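Participant: Coordinates for the following, if possible.
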Amino acid sequence: MKLLNVEVVLERDKGLHRAGHKVEVLKEHDDKTTSYAIVSHRWGTEVSYEEMIGLMKMAEEEREEVKQRGGYHKIIKSCEQAVKDGYKWLWIDTCCIDKRSSSELSEAINSMYRWYQNAQVCYAYLHDVHELQWLNMRNYFSPLKHTSLPEWFMRGWTLQELIAPKQVEFFNRDWVLIGSKQRLARVLERVTGIPCGVLADGLAAKRLSVAQIMSWAARRKTTRVEDRAYSLMGLFGVNMPMLYGEGEKAFQRLQLEIIRMSSDHSIFAWSTDPRPFVFEGQSPRTPRTSSVLAEDPSDFQDCGYIRKVEPDEFGRRLAEFIEGKQRDDPRYVDIHRSNRRAHRRNFRNVMDSQQFRTFTVSNAGIQVLLCVIPSRESPSHFKAILACTNDFGLVTIDLVSSGSSFSRTSNDSFFPATYPDFRTLHLAHHQDSNEIRREFVLDDKQASHHGFTRQCTYPREFTRDAVSLSSLTDDLVVIVYANKHARSCFAVGLGYYLGKGWVHVVYDSRCQTPEEDWTDFGRRAYDRMWKARMKHAQSMPRHAHEPYECHGDHFTKYAHLPRSIWAARVVWGRWEMDNFKVTVDVEQCPGCCDGPCRWMPTLNDYGCLGMPGLMSTVSYTYPLILDGWLARLDKCSGQRIALGGYGDYSNGILVCTGNIFEDMRTLGIDPGDAAYRPMVSHVSGTILSGRLENEDDTHITYDCTNHTTRPARLALHQPKGISLPANEHFVLLLKALSTRLSGKHLVTTIIQCSDFYDVDRNSQRRNSILGDDPDSPPDNSDQSTEARVLTPLCTIAIPQAWKREMLHVKRREQFTSIREHFYALVNMVPSLSPLGFACSTDPLPAASTYRDCIRPQVCSVSQNYTTDTHPFTMVPA
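Facilitator: Below you'll find the predicted structure:
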């Protein structure tokens with residue numbers, strides 16, 4: 001190690017050495033045979049290795065700038081203190097390591113714990129402590145918050161710098177001695193969680209578990225993520241190469257190195273519960289399914305009292321644990337006494353085996369012999385009993401099998417199936433990128449159009465509009481929506497069952513009062529869907545297209561809300577193609593839905609120009625690139641087409657009956673508002689198209705439906721694309737118009753140009769289509785000399801919000817039969833006539849009044865019937 005010569009440093013600072021005079025400031029020494037002091041501190045404006053050795057060679061102005069730094073003042077004060085204590089050599093990490101050399105930096109990090117351990121004294125400099133008596137016995141019983149602690153106690157590297165040295169002296173910002181580690185041990189134990197015996201005599205003084213040591217670092221942080229692992233290597237006596245840039249993998253490598261050296265089960269005892277302590281910029285942890293290795297030292301924050309149990313003691317504690325569970329918990333299987341004795345003998349034999357004391361790490365996982373209890377509910381779930389204890393007894397963890405290996409999971413409702421037994425398992429020590437948690441994005445803004453808002457989520461909260469689900473094991477989250485004024489509610493469930501995703505919608509069959517807790521409905525919906533999760537997963541529809549054929553497949557699930565005129569609608573895409581957006585909406589039910597099991601496929605253009613909501617393009621012939629996005633367009637066929645036009649579409653012809661922008665003025669909305677202003681895009685050709693020579697403003701597209709070797713080509717002169725804005729405001733506008741414009745088609749994109757014509761394979765002009773086309777709209781410019789603006793291409797689509805459902809014939813027949821039967825009964829009971837029932841055998845009303853037959857609001861005396869999956873109400877004439 002390179003040590004500072006404190007006398008040379010102080011003499012040079014006083015100017016006793018001239019510039020250019022050869023002075024050996026740093027010298028290589030053996031830490032085992034040299035007496036030296038060492039410094040522990042929090043970095044600020046420091047002096048580097050090259051600046052320290054080249055200080056006298058600098059220009060006067062540059063040298064003075066270095067001397068004015070807080071880091072230089074720290075070096076001088078440390079040297080002065082070392083001289084007072086009789087030490088000739090000093091080590092400080094800022095200037096004693098040449099960080100330009102990766103090998104020297106790696107050597108220093110791997111040796112740092114030993115260097116602090118072999119130092120005669122460590123000066124702990126607390127730069128943010130002003131008082132002389134900060135850590136004193138008077139403050140011992142006062143509450144200490146981590147926000148009020150000196151920064152030195154919150155850093156990762158200072159943990160080993162506190163434990164390793166035999167003697168640590170604390171100094172405040174003015175270099176006034178506060179006290180030693182031994183004298184302040186009681187306060188330090190309370191602040192850091194480190195036992196007094198360890199502070200006084202080091203790690204060898206107590207039998208410590210891996211989890212307990214990890215807990216000391218749980219609340220500490222480092223500038224680099226990797227340093228959270230590297231700063232702990234010395235505490236566990238392991239060495240590994242430094243790979244800055246690997247992120248959290250460094251902590252996984254550290255744990256694997258510990259496992260190769262130790263058979264301590266407590267390394268698996270970290271908590272999967274949410275973090276009560278979260279650093280700035282760090283997201284709270286949710287219950288997760290992952291490898292058996294912790295992601296971060298903070299996973300061990302509640303492990304300060306975990307103790308390692310030796311094999312002999314573990315056999316006795318295991319028998320007590322099982323008998324206690326059988327006595328106190330009726331879920332555990334009762335075993336005959338003779339079988340208990342046999343199992344105890346088996347336990348003792350396992351304890352004595354070498355296999356129980358050995359961990360093996362390979363690409364298949366961590367091979368370990370564990371005592372496990374299989375679950376009665378799922379053959380893939382187990383509870384493992386570890387050879388370590390906390391305040392409540394032996395520690396257990398939940399495992400789930402994923403192929404040939406086992407991962408950590410969280411299972412609160414565990415029911416044992418058999419007596420515990422020892423099994424050799426391969427525990428997963430890395431996360432498969434295909435088996436991690438899926439992040440779903442929820443879009444439910446359109447539901448507010450009919451007064452439905454998100455009330456709660458169960459069993460965990462969302463992070464804004466994102467929810468995470470585990471695809472490795474069964475998982476479920478429920479979102480509750482309600483219209484409090486109409487006392488109508490429903491719940492949407494997003495779940496995974498054995499790796500297969502599913503979506504379901506349920507409603508409450510009784511009226512919910514505003515005073516009720518919506519979480520209670522969410523809990524009931526969760527229990528209902530959780531019990532039927534296998535059925536829901538198996539009922540999910542299959543996509544009609546393979547992933548490589550169509551990425552834009554979507555499915556829509558409808559659920560009629562009883563005693564209302566609404567239907568809940570959930571739309572989701574191809575989860576296997578990483579399309580994890582889920583849209584929740586409420587629409588007026590035309591009285592034709594099939595209940596919560598109804599689903600239908602729909603298609604949305606994938607990887608194309610953005611549209612306001614889900615849209616299905618009805619036909620397209622010519623592709624173009626608009627601002628880098630593919631746009632699918634069709635010929636206008638001589639029609640007068642305008643952006644936002646809507647109407648009836650048939651055989652490639654759109655008969656416009658109105659325009660969105662004109663309707664906006666009627667509704668009092670300014671079409672010139674930025675939220676509704678059309679988007680203008682730059683046009684470029686596609687792969688098989690291009691530009692005409694010497695005409696940079698002319699682009700060519702081709703007929704993609706013509707699969708011959710000579711597809712038709714169309715040249716566009718000075719084209720520009722104009723599209724509807726794809727934002728939330730316009731989506732809600734289309735939603736508001738959905739009732740009146742149900743079944744209509746919409747012009748979402750148009751291409752305008754000054755001229756367009758056909759070209760041959762050699763890009764030669766064949767004919768002009770401009771001519772005297774009477775349907776081409778004139779330019780609005782006041783100058784008659786300007787060319788007319790033509791619209792040769794457009795995109796026509798049907799918004800998902802405007803799709804009209806056909807009446808369900810079977811359900812109408814059921815309604816008719818029930819109605820006829822009802823009035824037949826009325827004719828048989830004359831006493832019902834005064835109540836207002838009329839004898840009638842009229843057929844079911846027309847579709848225009850069909851909704852009135854099932855609308856409960858107009859009913860004074862009614863009879864409930866149940867058909868298929870949801871109740872409805874017949875209203876007397």
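
Participant: any idea how far the nearest residue to Leu714 once chain neighbours are set aside lies from Ala164?
Facilitator: Across the structure, with CB to CB, 6 or more residues apart in numbering as the measure, the residue nearest Leu714 apart from its sequence neighbours is Thr701 (5.4 Å). C-betas here are computed from N, CA, C, even on glycine. Remark: distance between Thr701 and Ala164 (CB to CB, to the nearest Å) = 72 Å.

Participant: How about Phe314?
Facilitator: When distance is defined by CB to CB, Phe314 is 31 Å away from Ala164.

Participant: Check Leu235 too.
Facilitator: From Leu235 over to Ala164 the distance is 8 Å, taken as CB to CB.

Participant: who has more neighbours, the two?
Facilitator: Here Leu235 and Ala164 are set side by side on neighbour count (other CB atoms under 10 Å), and the busier one is Ala164, at 23 against 20.

Participant: Hmm, the more buried one is touching Gly237, no?
Facilitator: No: counting by CB atoms under 8 Å, Ala164 does not reach Gly237; the two are 11.4 Å apart.

Participant: in the stretch 201-350 of the chain, which spans are helices?
Facilitator: Listed in chain order, the helices of the stretch 201-350 of the chain (DSSP state H, counting those that start in this stretch) span residues 210-216, 227-230, 233-236, 249-261, 311-328, 337-352.

Participant: name the helices or strands packed onto the third one?
Facilitator: By that I understand helix 233-236. Counting contacts by 3 or more CB pairs under 8 Å, 6 or more residues apart in numbering; DSSP states H and E, the secondary-structure elements packed against helix 233-236 are helix 102-118, helix 158-163, helix 210-216, helix 249-261.

Participant: same check, this time on the fourth one
Facilitator: Counting contacts by 3+ CB pairs under 8 Å, 6+ apart, helix 249-261 packs against helix 227-230, helix 233-236, strand 360-362.

Participant: how about 7 Å then?
Facilitator: helix 227-230, strand 360-362 (3 or more CB pairs under 7 Å, 6 or more residues apart in numbering; DSSP states H and E).

Participant: now swap in the first one and tell me
Facilitator: Helices and strands touching helix 210-216, as assessed by 3+ CB pairs under 7 Å, 6+ apart, are absent.

Participant: What segments of the stretch 51-200 of the chain are strands?
Facilitator: 89-91, 121-125, 168-171, 177-180 (DSSP state E, counting those that start in this stretch).

Participant: any weak-confidence spans in the stretch 101-250 of the chain?
Facilitator: Counting by pLDDT under 70, the stretch 101-250 of the chain contains low-confidence ranges at 132-147.

Participant: intersection of neighbour lists for Leu235 and Ala164?
Facilitator: Residues touching both Leu235 and Ala164 comprise Tyr113, with contact defined as CB atoms under 7 Å, 6 or more residues apart in numbering.

Participant: could you measure the residue nearest to Leu714 against Ile722, distance?
Facilitator: Applying CB to CB, one obtains 16 Å for the distance of Thr701 from Ile722.

Participant: quick one: which of those two has more around it?
Facilitator: Counted by other CB under 10 Å, Thr701 and Ile722 do not tie: Thr701 has more neighbours, with 30 against 18.

Participant: Confirm for me that the more buried one is in contact with Tyr622.
Facilitator: Yes: assessed by CB atoms under 7 Å, Thr701 is found in contact with Tyr622 at 4.5 Å.

Participant: Now the common contact residues for the two.
Facilitator: Overlap between the contact sets of Thr701 and Tyr622, as judged by CB under 7 Å, 6+ apart, is given by Leu714.

Participant: For Thr94, the count of nearby residues, please.
Facilitator: Thr94: 20 surrounding residues under other CB under 10 Å.

Participant: Name all residues that make contact with it.
Facilitator: When contacts are counted by CB under 7 Å, 6+ apart, Thr94 touches Trp43, Glu46, Val47, Gly71.

Participant: Can I get the residues you listed in TSV including neighbour count, pLDDT and distance to His429?
Facilitator: Conversion of these to TSV gives the following (neighbours: other CB atoms under 10 Å; pLDDT from 0 to 100; distance: CB to CB, whole Å):
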residue	neighbour count	pLDDT	distance to His429
Trp43	14	90	33
Glu46	18	91	38
Val47	20	92	42
Gly71	19	93	41
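
Participant: and which of those residues is nearest Lys383?
Facilitator: Minimum separation from Lys383 among these (CB to CB) is found for Trp43, which lies at 45.4 Å.

Participant: helix or strand for the closest one, which one?
Facilitator: Using DSSP states H and E, Trp43 sits in no helix or strand.

Participant: so Gly179 touches Phe170, yeah?
Facilitator: Yes: with contact taken as CB under 7 Å, Gly179 and Phe170 are classed as touching, separated by 5.8 Å.

Participant: Which one of the two is surrounded by more residues?
Facilitator: Phe170 (25 against 19).

Participant: so that one bridges to which residues?
Facilitator: With DSSP bridges applied, the residues forming beta bridges to Phe170 are Ala124, Gly179.

Participant: mind listing what it touches?
Facilitator: Contacts here follow CB under 7 Å, 6+ apart; on that basis Phe170 touches Ala124, Leu126, Leu135, Ile178, Gly179.

Participant: With Cys388 as the reference, measure out to it.
Facilitator: As defined by CB to CB, Phe170 lies at a distance of 34 Å from Cys388.

Participant: Below-threshold pLDDT in the stretch 551-700 of the chain: ranges please.
Facilitator: The low-confidence ranges in the stretch 551-700 of the chain, as defined by pLDDT under 70, are 551-554, 574-579, 589-608, 638, 686-696.
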